[in-house]
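**Student:** no letters, just coordinates:
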Ligand code: NAD
Ligand code: DAU
């Protein structure tokens with residue numbers, strides 16, 4: 001297949017492209033606007049492959065998208081481009097509505113026009129895979145229960161509401177126009193090339209810099225963590241073998257409280273980077289409780305039984321092995337870190353964390 005991947009310069013999209021190029025025979029067209037979160041350096045050696053092409057395009061630009069479909073004639077679309085950070089959606093929802101809702105609508109229309117121009121086996125085989133989040137289900141307020149594909153939507157933040165809306169658009173294009181769609185809803189990813197506005201990379205980099213580790217509220221909220229390369233394999237499995245019109249939940253069976261995650265990072269740093277920054281005796285001493293996130297979701301946990309049973313996917317990393325690899329990666333990759341923690345990144349941390357940043 002030739003797969004048009006939107007958002008391929010982001011955290012998960014780059015893992016998908018690295019996997020497609022190095023472990024499969026598929027070709028890739030990376031369609032990315034290169035916002036603050038997009039970085040071609042995250043693609044590594046994939047960029048050199050003759051099975052890789054890049055188009056710097058905003059998914060809200062209908063004319064540019066039409067040109068991309070005409071030039072590349074893809075067999076499938078894997079749609080990851082989005083504004084993805086909950087805290088940013090609280091400071092400024094407009095970009096989230098624009099890219100996640102309007103952009104998905106524009107992309108669906110471009111894909112539909114292209115799909116309708118196809119015939120025979122190319123038309124039968126065409127797929128539009130929408131990559132979404134478990135946050136569309138809202139949250140679970142106790143330790144029991146899991147999100148299944150039947151859980152009703154109840155998004156809490158501007159980010160999750162915009163993703164929920166995009167899921168509805170995708171399903172409507174299937175039912176009304178017959179576009180052959182697949183939807184996946186995944187839990188929290190972590191791993192290499194994760195932009196350091198998100199919990200795990202932020203804590204690793206702040207700890208190494210001797211800065212406060214800002215835990216929102218009391219740190220008791222629970223997330224279900226999945227190593228990004230396991231998610232990338234799941235997404236490729238779904239686009240290759242998923243049933244048209246179906247939704248698959250993807251998760252890692254790794255529920256942990258935020259405070260526990262931060263403490264584990266500190267313990268790994270004690271082992272892997274025992275030379276502390278000046279003035280720091282123990283990394284964990286940097287833990288600082290800060291104002292809670294408005295509308296903070298209490299607990300996410302995924303039932304990934306359907307994708308496991310039907311498509312045979314299983315995560316390979318445990319949280320222990322994946323977190324160790326991740327911490328080591330951030331210790332070893334200064335050039336990538338310096339490339340993404342420039343002026344605009346510092347402006348964000350100042351706005352979000354003030355004196356705790
Ligand atoms: P990310 O923020 O790291 O990357 C997003 C990418 O999309 C960037 O390369 C950016 O340049 C690009 N982009 C943004 N707006 C664009 C536009 N208008 N046109 C073209 N490109 C644009 O995001 P991520 O964490 O890799 O998430 C990817 C997808 O997976 C998102 O749809 C997100 O909702 C979903 N998801 C993320 C997680 C997670 O834990 N990170 C979990 C489940 C689902
Ligand atoms: O569940 C999937 C979602 O996971 C994806 O759809 C989102 O794109 C992705 O960003 C992620 O959302 P979260 O809000 O769960 O991730 P984040 O890393 O921002 O926060 C994880 C938890 O840690 C959350 O409970 C808030 C808390 N937190 C976060 C930051 C950045 C802190 O306590 N301190 C922080 O500084």
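**Tutor:** Yep, it's here. Everything numeric here is computed off the predicted structure, so don't read it as measured data. Ligands and ions are numbered 1, 2, ... in the order given.

**Student:** against ligand 1, how distant is the closest residue to ligand 2 within the stretch 251-357 of the chain?
**Tutor:** Among the residues of the stretch 251-357 of the chain, residue 258 lies closest to ligand 2, at 4.5 Å counting by C-beta to the nearest ligand atom. Glycine gets a C-beta too; all of them are placed from N, C-alpha and C. Distance of residue 258 to ligand 1, given as C-beta to the nearest ligand atom, to the nearest Å: 14 Å.

**Student:** distance of that residue relative to residue 222?
**Tutor:** Applying C-beta to C-beta, to the nearest Å, the value for residue 258 to residue 222 is 8 Å.

**Student:** try residue 184
**Tutor:** Residue 184 is 21 Å from residue 222, by C-beta to C-beta.

**Student:** now do residue 209
**Tutor:** Distance of residue 209 to residue 222, given as C-beta to C-beta: 27 Å.

**Student:** more neighbours: which of those two?
**Tutor:** Remark: of residue 209 and residue 222, residue 222 carries more neighbours, 19 against 12, as counted by other C-beta atoms under 10 Å.

**Student:** what's the burial count for the nearest residue to the more buried one once chain neighbours are set aside?
**Tutor:** Among residues not flanking residue 222 along the chain, residue 299 sits closest, at 4.0 Å (C-beta to C-beta, 6 or more residues apart in numbering). With neighbours defined by other C-beta under 10 Å, the count for residue 299 comes to 19.

**Student:** next, residue 299: phi, psi?
**Tutor:** Dihedral angles of residue 299 (phi, psi; degrees, to the nearest 10) stand at phi -150, psi 140.

**Student:** pull up the residues of the stretch 51-200 of the chain that are close to ligand 2.
**Tutor:** With C-beta under 6 Å from any ligand atom as the criterion, the stretch 51-200 of the chain comes near ligand 2 at residues 84-86, 133-135, 187-188, 198-199.

**Student:** now rank these by neighbours and give me the top one.
**Tutor:** Within those, neighbour counts (other C-beta under 10 Å) peak at residue 134, which reaches 26 neighbours.

**Student:** tell me who's in contact with the closest residue to ligand 2 within the chain.
**Tutor:** Here the chain gets closest to ligand 2 at one residue, residue 133, 3.1 Å apart by C-beta to the nearest ligand atom. Taking C-beta atoms under 8 Å, 6 or more residues apart in numbering, we find residue 133 in contact with 160, 163, 185-186.

**Student:** and which of the residues you listed is nearest to residue 46?
**Tutor:** residue 186 (21.2 Å; C-beta to C-beta).

**Student:** so the closest one sits against residue 134, correct?
**Tutor:** Yes - using C-beta atoms under 8 Å, residue 186 is in contact with residue 134, at 6.4 Å.

**Student:** now do the SS call for residue 140.
**Tutor:** Following DSSP: H, G, I helix; E, B strand; the rest coil, the label given to residue 140 is coil.

**Student:** pLDDT at the residue lying closest to it once chain neighbours are set aside, what is it?
**Tutor:** Closest residue in space to residue 140, ignoring its immediate chain neighbours: residue 299 at 4.4 Å, by C-beta to C-beta, 6+ apart. pLDDT for residue 299: 97.

**Student:** ok so residue 3 is a strand residue?
**Tutor:** Yes - read with three-state DSSP, residue 3 is one of the residues of a strand.

**Student:** any part of the longest helix along the chain near ligand 1?
**Tutor:** The longest helix of the chain (DSSP state H) is helix 158-177. Yes - using C-beta under 6 Å from any ligand atom, a contact is recorded between helix 158-177 and ligand 1, made by residue 163.

**Student:** tell me which strands and helices that helix is in contact with?
**Tutor:** helix 86-91, helix 94-96, helix 104-117, strand 127-133, strand 181-186 (3 or more C-beta pairs under 8 Å, 6 or more residues apart in numbering; DSSP states H and E).

**Student:** can you point out the buried residues in the third one?
**Tutor:** When neighbours are counted by 16 or more other C-beta atoms under 10 Å, the buried residues of helix 104-117 are found to be 104-112, 114-115.

**Student:** what's in contact with the helix or strand that that helix is followed by?
**Tutor:** Proceeding C-terminally, helix 104-117 gives way to helix 120-125 as the next helix or strand, assigned by DSSP states H and E. With C-beta under 8 Å, 6+ apart as the test, helix 120-125 has contacts from 1, 75-76, 115.

**Student:** closest to residue 234 among those?
**Tutor:** The closest of those, once distances to residue 234 are taken by C-beta to C-beta, is residue 76, at 15.4 Å.

**Student:** who does that closest one bridge with?
**Tutor:** Beta-bridge pairing for residue 76 (DSSP bridges): residue 3, residue 127.

**Student:** isn't it up against residue 130?
**Tutor:** No - the pair residue 76 and residue 130 does not pass the contact test of C-beta under 8 Å, sitting 11.7 Å apart.

**Student:** so which of these two has more stuff around it?
**Tutor:** Comparing residue 76 with residue 130 by other C-beta under 10 Å, the one with more neighbours is residue 130, at 26 against 20.
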